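Asker: using only what follows, build the 3D model:
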Amino acid sequence: MAFFTFGFGVHAIITNSEVQLLLLKRTYGNKGWGLPGGGVDAGETIHQALFRECHEELGVEIQNAVLTGFYYHSSINAQVAIFRCPLPKGYQDKPKL
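Answerer: Residues are numbered from 1 along each chain as shown. As a prediction, this is how the structure comes out:
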């Protein structure tokens, strides 16, 4: 029997009251645009990982995160959870990016 190791990650679809999507410009790799998020650390729930990643990457305290789906990210061999989140009201006009 063969065992395969794979990772687990989270991404946030964050929208404001005008349903505009908040994207993150990476400073590494291909430096492209993408959804905020990252890997789930050992002992961490997917919600804890999402809140941590959004705080680390954006300085935003996410609340009311709703799990909307999963996908398999084949290039990094990881299952990724996707959450939909509203941008907190204090960040509507001036998000800390």
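Asker: low pLDDT regions in the protein?
Answerer: Flagging of the chain using pLDDT under 70 yields the residue ranges 1-5, 92-97.
Asker: just the strands in it please.
Answerer: 7-15, 21-22, 24-25, 33-34, 37-39, 66-73, 78-86 (DSSP state E).
Asker: in TSV: those strands, plus distance to Glu53 and mean neighbour count.
Answerer: Glycine gets a C-beta too; all of them are placed from N, C-alpha and C. Below are the strands of the chain laid out as TSV (distance: least, Cβ to Cβ, whole Å; neighbours: other Cβ atoms under 10 Å):
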stretch	distance to Glu53	mean neighbour count
strand 7-15	6	19
strand 21-22	13	14
strand 24-25	10	14
strand 33-34	12	10
strand 37-39	4	17
strand 66-73	15	11
strand 78-86	10	18
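Asker: using a markdown table, please lay out those together with distance to Val60.
Answerer: Formatted as a markdown table, the strands of the chain follow (distance: least, Cβ to Cβ, whole Å):
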| stretch | distance to Val60 |
| --- | --- |
| strand 7-15 | 7 |
| strand 21-22 | 8 |
| strand 24-25 | 11 |
| strand 33-34 | 15 |
| strand 37-39 | 12 |
| strand 66-73 | 16 |
| strand 78-86 | 9 |
